[in-house]
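1. Mind folding the following:
(one chain, ligands or ions: 1)
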Amino acid sequence: MNTFQHKTVVITGGTDGIGKSLVLAFLAKGANVVTCGRNQQKIIALESEAPMGKLSVLNLDVTVERECQRLVDHAIAAFGSIDILVNNAGISMRGLLSEGGSDMIPVIKKVMDVNFYGTVYTTTYALPHLIKSKGVVVGVSSIAGYRGLPGRSGYSASKFALQGWLEAIRTEMLPKGVHVMWVCPGFTASNIRNVALNSKGEAQGESPLEENKLMDADTCAAHIIQSIQKRKRTLVMTFQGKETVWLNKFFPGLTDKLTYKFFFKNGELIK
Ligand SMILES: NC(=O)c1ccc[n+]([C@@H]2O[C@H](COP(=O)([O-])OP(=O)(O)OC[C@H]3O[C@@H](n4cnc5c(N)ncnc54)[C@H](OP(=O)(O)O)[C@@H]3O)[C@@H](O)[C@H]2O)c1
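-> Numbers count the residues shown, from 1 in each chain. Next up, the predicted model:
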């Protein structure tokens with residue numbers, strides 16, 4: 001049974017990477033999709049790939065509260081309900097606190113604004129509609145939401161905050177029938193590392209990973225959609241992700257050392 005036919009799915013940051021794969025996969029399953037991004041060229045490119053009348057793409061920034069309200073209002077005006085909200089829009093960062101110093105503070109705030117507050121705003125305005133539909137709220141988190149990663153201090157903080165907030169909302173929503181969950185992709189090929197902010201707050205313009213060896217965004221989106229269909233509480237993708245979460249829970253000191261070894265070489269952050 002196709003459980004997504006004629007459902008309305010709102011996805012933040014659906015113009016690139018995992019979000020774009022989610023948009024196209026939900027459309028292929030017959031859902032109506034409302035999404036957003038800030039880059040007009042990417043919006044036009046996405047619109048050209050979608051069937052008529054099933055997709056709305058808004059040019060907006062999730063760090064602005066009233067823009068998130070506009071996204072929700074638009075979904076209701078266009079399709080009448082919201083069944084699934086996927087809080088996907090996210091940015092990353094790369095920089096060591098000891099090197100960046102106080103320059104890192106606005107970087108960390110920016111990452112929190114997108115990854116955490118973008119989710120808070122959108123979920124808050126969508127919640128009355130999700131209560132009506134007994135729908136699903138999804139947070140696209142990360143392994144960094146379970147285990148702080150060096151060089152990604154602000155990113156890790158944003159994903160820990162995301163998970164803590166969603167866990168609280170999940171509990172509040174128990175009697176209302178709204179399902180709240182989060183998913184944690186492993187390293188997935190996308191634009192996220194290219195545009196990750198360095199300690200000066202500029203896009204680093206390259207990826208420290210071999211992107212072609214990572215999971216592709218379509219596969220990642222397929223896992224996410226399956227976990228939504230099964231109304232899972234959480235999804236940690238990849239063996240490396242599961243191993244990291246498990247080790248960190250039972251052997252946190254050892255995991256500090258293993259994480260350091262993974263990210264550093266001769267005292268330099270290499271990933
Ligand atoms: N790729 C990975 O390895 C990985 C691993 C774990 C978790 N994740 C999570 O997966 C999610 C998607 O990441 P991705 O890898 O697909 O990144 P991506 O390729 O950089 O795509 C991010 C999307 O979000 C949009 N976006 C960014 N900032 C926004 C803002 N302020 N307002 C509205 N839209 C915004 C981008 O469009 P514009 O820039 O045009 O606005 C783009 O459509 C993120 O939450 C990320 O933390 C990714």
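2. what pLDDT does the closest residue to residue 134 other than its chain neighbours get?
-> Using CB to CB, 6 or more residues apart in numbering and skipping the chain neighbours, the partner closest in space to residue 134 is residue 177 (3.8 Å). The C-beta positions use only the backbone N, C-alpha and C, and glycine is treated the same way. Here, the pLDDT recorded for residue 177 equals 96.
3. again with residue 2
-> Value for residue 2, per-residue pLDDT: 71.
4. gap between it and residue 29?
-> 6 Å (CB to CB, to the nearest Å).
5. how about the strands in the chain?
-> 8-11, 32-37, 55-59, 84-87, 136-140, 179-184, 234-236, 264-265, 268-269 (DSSP state E).
6. re earlier: can you tell me how far the residue nearest to residue 134 is from residue 131?
-> Where residue 131 is concerned, residue 177 sits at a distance of 8 Å (CB to CB).
7. And residue 191, by the same measure?
-> Counting by CB to CB - residue 191 and residue 131 are separated by 34 Å.
8. So for those two, which sits in the more crowded spot?
-> residue 191 (17 against 13; other CB atoms under 10 Å).
9. Thought residue 18 was touching that one, still the case?
-> No: the criterion here is CB atoms under 8 Å, and residue 191 misses it with residue 18 at 10.1 Å.
10. hang on, the earlier thing: which of residue 2 and residue 29 has more neighbours?
-> residue 29 (16 against 11).
11. nearest residue to that one other than its sequence neighbours?
-> residue 4 (4.1 Å).
12. you'd agree the one you found is up against residue 27?
-> No: assessed by CB under 8 Å, residue 4 is found out of contact with residue 27, at 9.5 Å.
13. Just want to know which of the two has more residues nearby.
-> residue 4 (22 against 18).
14. Phi first, then psi, for the more buried one.
-> phi -100, psi -10 (degrees, to the nearest 10).
15. what does residue 230 give?
-> phi -90, psi 0.
16. and the nearest residue to residue 205 once chain neighbours are set aside, how many neighbours?
-> Closest residue to residue 205 apart from its sequence neighbours, by CB to CB, 6+ apart: residue 194 at 6.2 Å. Residues near residue 194, counting by other CB under 10 Å, number 13.
17. ok, now which ones touch residue 194?
-> Contacts for residue 194 (CB atoms under 8 Å, 6 or more residues apart in numbering) come out as 203-207.
18. quick one: which two of these are the most distant?
-> 203 and 207 (11.3 Å; CB to CB).
19. packing partners for the helix ranked longest in the chain?
-> Using DSSP state H to define each element, the chain has its longest helix at helix 153-172. Secondary-structure packing of helix 153-172 (3 or more CB pairs under 8 Å, 6 or more residues apart in numbering; DSSP states H and E): helix 104-112, helix 118-133, strand 136-140, strand 179-184.
20. possible to save those as a markdown table with distance to residue 167?
-> Output for the helices and strands packed on helix 153-172, formatted as a markdown table (distance: least, CB to CB, whole Å):
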| stretch | distance to residue 167 |
| --- | --- |
| helix 104-112 | 18 |
| helix 118-133 | 13 |
| strand 136-140 | 10 |
| strand 179-184 | 8 |
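21. give me every residue that touches residue 237.
-> Counted by CB under 8 Å, 6+ apart, residue 237 has contacts 183-186, 215, 220, 223.
22. at 7 Å what do you get?
-> Residue 237 is in contact with 184-186, 220, 223, counting by CB atoms under 7 Å, 6 or more residues apart in numbering.
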